[in-house]
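Student: Just the structure for this:
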Amino acid sequence: MKSIYFLFTFHFILIITASSQLNTPVYIDKARREIMNNENQKAIERLNTVIKVKPYLYDAYFFRGIAKFGMGDYTGAIEDFTETVTINPFFPKAYQYRGISKDALQN
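Tutor: Numbering: from 1, shown residues only. Okay, the predicted model is just below:
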């Protein structure tokens, strides 16, 4: 009887753990679509979720920077583009958008 209870509990925990996994590529893709539809705040919230789970994904910071730029938060965008190049220094678009954000901040 104890082995059945243990097996049931183990199976239940396994199912809960597997279902709680975040599909980050799907979340990032949805955020990209939201940015294209000018739903920047929704995209930022979605990307914040991705960053909490996987803070090493440079593209989450990059797209969050794009969304912040679209909302006029140039300082926040610069911070996200800087984090992008810290994680992946071989991502030239992040340098480009960081420069554009710095220029927009000065004007």
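Student: so where's the protein uncertain?
Tutor: Within the chain, the ranges that satisfy pLDDT under 70 run 1-20.
Student: what's the spacing between Y58 and S101?
Tutor: 16 Å (CB to CB, to the nearest Å). Where you see a C-beta, it was placed from the backbone N, CA and C, and this is true even at glycine.
Student: out of those two, which sits in the more crowded spot?
Tutor: S101 (24 against 18; other CB atoms under 10 Å).
Student: What are the contacting residues of the strand or helix carrying that one?
Tutor: Assigned by DSSP states H and E, S101 belongs to helix 92-106. Helix 92-106 is contacted from outside by 58, 62, 65-66, 69, 74-75, 77-78, 81-82, 84-85, 88, using CB atoms under 8 Å, 6 or more residues apart in numbering.
Student: Buried subset of the residues you listed, written for ChimeraX?
Tutor: With 16 or more other CB atoms under 10 Å as the criterion, this ChimeraX line picks the buried residues out of these:
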select :58,62,65,66,69,74,77,78,81,82,84,85
